[in-house]
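Undergrad: need the 3D shape of this:
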Amino acid sequence: MKKIKLDIGNVLLILFLVLLAIPQTRKPIQVVISKARMLVFSPSITKSEKQIQLPQFEYLLTQNNGTSTAISIGNGRVSFISYWATWCPPCIAELPSIQKLYKDYGDEVDFILLTNEQPTTVYPFLEKKGFDLPVYFPKMKAPEALYSTSIPTSYIIDVTGKIIVKETGAVDWNSSKTRELLDGLLLK
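TA: Got it, this is the predicted structure:
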């Protein structure tokens, strides 16, 4: 019978893989990895290379209480739109930075966090995590320029409807670069 020699690195790798296989530990591990990626590998917010001009439109949405609402995009206010889900580890990883940005800019910027999940899933999640964010449920198909099959995908749109930033994946939205960008857009 052959003896297998395991060093500490192999043992840790096996333990990590086992923990990833367990549903209760998989998601928290993925969130931690996404947060680490945001800090180490994720580039700072960069302006879109090809800035797309959206036509002014009303985003038809449902609020948490079931009430329909419409938020104007490209009608004189800066908009922050983020597509996300409670089951998405990168989405969860970036929510604290969005919360901080919303706390400081929520009166001046339209924050629109969109999900296709059920309110009965979303609101207990937000409450449990301590988030106070403007979450909506879309009642219409997103304009083609805002359509993405990846989440999280977030946009910063200027007062005229021009997409200034489009980011896919977890990003530190509370960065000084994002704040400088928003400050500049709000001065115009």
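Undergrad: and the helix or strand hosting residue 126, what's buried?
TA: Here residue 126 sits within helix 119-129, counting by DSSP states H and E. Using 16 or more other CB atoms under 10 Å as the burial criterion, the residues of helix 119-129 that qualify are 122, 125, 126. In this view, the C-beta of every residue, glycine as well, is placed from N, C-alpha and C.
Undergrad: between those, which is closest to residue 132?
TA: residue 126 (7.6 Å; CB to CB).
Undergrad: so the closest one makes contact with residue 119?
TA: No - the criterion here is CB atoms under 8 Å, and residue 126 misses it with residue 119 at 10.1 Å.
Undergrad: stretch 106-119: which residues count as buried?
TA: Neighbour-count burial for stretch 106-119 [16+ other CB under 10 Å]: 109, 110, 111, 112, 113, 114, 115, 117.
Undergrad: what does stretch 136-155 give?
TA: For stretch 136-155, by 16+ other CB under 10 Å, it's 136, 137, 146, 151, 152, 153, 154, 155.
Undergrad: ok, stretch 87-96 next?
TA: For stretch 87-96, the neighbour count (16+ other CB under 10 Å) marks 88, 89, 90, 91, 92, 93, 94, 95, 96 as buried.
Undergrad: then the third one would be within a helix, right?
TA: Yes - according to DSSP: H, G, I helix; E, B strand; the rest coil, the state of residue 90 is that of a helix.
Undergrad: state the distance from it to residue 14.
TA: 25 Å (CB to CB, to the nearest Å).
Undergrad: contacts only, for residue 145.
TA: The contact partners of residue 145, by CB atoms under 8 Å, 6 or more residues apart in numbering, come to 52, 54, 163.
Undergrad: for it, give its distance to residue 102.
TA: Distance, residue 145 to residue 102, by CB to CB: 23 Å.
Undergrad: same deal with residue 50?
TA: Residue 50 is 27 Å from residue 102, by CB to CB.
Undergrad: okay, the two: which has more neighbours?
TA: residue 102 (21 against 6; other CB atoms under 10 Å).
Undergrad: C-terminal to the regular element (helix or strand) spanning that one, what's the next element?
TA: Taking DSSP H and E as the definition, one finds residue 102 inside helix 89-105. Note on helix 89-105: by DSSP H and E, the next helix or strand toward the C-terminus is strand 109-114.
Undergrad: buried residues in the helix or strand harbouring residue 183?
TA: Counting by DSSP H and E, the element that carries residue 183 is helix 176-187. Residues of helix 176-187 classed as buried by neighbour count (16+ other CB under 10 Å): 178, 179, 181, 182, 185.
Undergrad: count of neighbours near the nearest residue to the fourth one once chain neighbours are set aside?
TA: Going back to what we said before, that points to residue 182. Nearest residue to residue 182, sequence neighbours excluded (CB to CB, 6 or more residues apart in numbering): residue 105, at 5.8 Å. Using other CB under 10 Å, residue 105 has 18 other residues around it.
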